[in-house]
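Undergrad: need a 3D model of the following:
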Amino acid sequence: MVVYSYVCLDAATHLSEEIDKPEIHGAVLFLLIWLDLVFISTVPGALLTTGRLTWAFARDGGLPYSPFFSRISSRYEVPVYATLLSTAFCLFFGLIYIGSTVAFNTSISSAIVFAFLSYSLPQAFLLLAGRDSLPQRHFNLGKVFGTLVNFLSVAFVAFFSILFCFPFSIPTSVTAMNYVSVVAVAALLLIASLWWGAGKNRSFTGPVMVGDVLQGIEPGPHVDGTTVSPSKGWDQDDSD
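TA: Numbers count the residues shown, from 1 in each chain. The predicted model follows:
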């Protein structure tokens, strides 16, 4: 039962349906509290992870006000501002659930579609450019098998992205309609307008490569001094 509570997110629901009079069984209450503690314990790790992803993107100059969010606190030696930005976004995003569960579920489904697209778009570009454009690497799928894997990945994502936009039931209603396609297009337009409006289409040159990682060469020191230009590294924040 303990393992079941970890691997199955709706374990408490199934147990409550299969146990006679679950309201009087302390095991169900125990599992509910346990699941809550498990979920709560994962929140700090998730926020720290998203904070570092935000910092990495700001370090590369991909965010508005990148020099500010790419700072690393000299006291804590962590990207405080990027972590706070990610935390604030998660808090405001959670407020959507209070206003409308349909809007919240649609946003979650759209995030899944965007995650799929982030995996497939590089492979789609690779299909267009050819695998000969890849650098030398230790793990190589080969031209034939690698192309097949890239094609199947792109086809899989395209197929399931379309399925994610279908309504949940037929006939549907305003409250039961699937708005993933609407939210996805609106999010793309918003991101594109912010990207071009902030001039990132001209200033962003790609991720910072610390050492020639693709060639298997050990990377050198992370920071040469207290301040490095955003195109080569990140800023050290001495205000903390």
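Undergrad: quick one: contacts for Ala58?
TA: By C-beta atoms under 8 Å, 6 or more residues apart in numbering, the residues touching Ala58 are 65-66, 68-70, 82. C-beta: built from backbone N, CA, C; applies to glycine.
Undergrad: reformat those as CSV; add secondary structure.
TA: What follows is the contacts of Ala58, written out as CSV (DSSP: H, G, I helix; E, B strand; the rest coil):
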residue, secondary structure
Tyr65, coil
Ser66, helix
Phe68, helix
Phe69, helix
Ser70, coil
Ala82, helix
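Undergrad: what segments of the protein are helices?
TA: For the chain, applying DSSP state H gives helices covering 2-7, 11-18, 26-59, 66-69, 80-99, 101-129, 143-164, 180-197, 200-203.
Undergrad: winner for burial among those helices?
TA: Looking across those with neighbours counted as mean count of other C-beta atoms under 10 Å, the highest average goes to helix 66-69: a mean of 19.
Undergrad: same for that one, what does it pack against?
TA: Under the contact definition 3 or more C-beta pairs under 8 Å, 6 or more residues apart in numbering; DSSP states H and E, helix 66-69 sits against helix 26-59, helix 80-99.
Undergrad: for that helix, list the C-alpha coordinates in PDB.
TA: Output of helix 66-69 as PDB, limited to C-alpha atoms (Å, rounded to 0.1, in the frame of the first residue of the first chain):
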ATOM      1  CA  SER A  66      18.200  39.200 -18.600                       C
ATOM      2  CA  PRO A  67      21.100  41.000 -16.900                       C
ATOM      3  CA  PHE A  68      18.900  41.300 -13.800                       C
ATOM      4  CA  PHE A  69      17.500  37.800 -13.700                       C
END
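Undergrad: so how far is Gly130 from Thr147?
TA: Separation of Thr147 from Gly130 (C-beta to C-beta, to the nearest Å) stands at 9 Å.
Undergrad: right, I mislabeled it, should have said Ser86
TA: For Ser86, the distance to Gly130 (C-beta to C-beta) stands at 37 Å.
Undergrad: mind showing which ranges of the chain have poor pLDDT?
TA: For the chain, applying pLDDT under 70 flags the ranges 1-28, 209-240.
Undergrad: recalculate using a threshold of 90.
TA: The model of the chain has pLDDT under 90 over residues 1-49, 56-67, 70, 73-78, 90-119, 122, 129-144, 146, 160-188, 190-240.
Undergrad: any idea which residue sits dead centre in it?
TA: Residue closest to the mean C-alpha point of the chain, counted by C-alpha atoms, centre = their mean, is Ala115 at 6.6 Å.
Undergrad: how far away is that one from Leu194?
TA: With C-beta to C-beta as the criterion, Ala115 and Leu194 are 20 Å apart.
Undergrad: ok so, going back, what's the closest of the contacts of Ala58 to Ala186?
TA: Ala186 has its nearest neighbour among the contacts of Ala58 in Tyr65, at 23.3 Å by C-beta to C-beta.
Undergrad: nearest residue to that closest one in space, please, no chain neighbours.
TA: Once flanking residues are discounted, Tyr65 sits nearest to Ala58: 7.9 Å by C-beta to C-beta, 6 or more residues apart in numbering.
Undergrad: picking that back up, quick one: which of the helices and strands packed on helix 66-69 is nearest Pro207?
TA: Taking the helices and strands packed on helix 66-69 one by one with C-beta to C-beta, helix 26-59 is closest: 7.6 Å.
Undergrad: redo the helices and strands packed on helix 66-69 as a markdown table? Include distance to Phe151.
TA: Formatted as a markdown table, those follow (distance: least, C-beta to C-beta, whole Å):
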| stretch | distance to Phe151 |
| --- | --- |
| helix 26-59 | 29 |
| helix 80-99 | 35 |
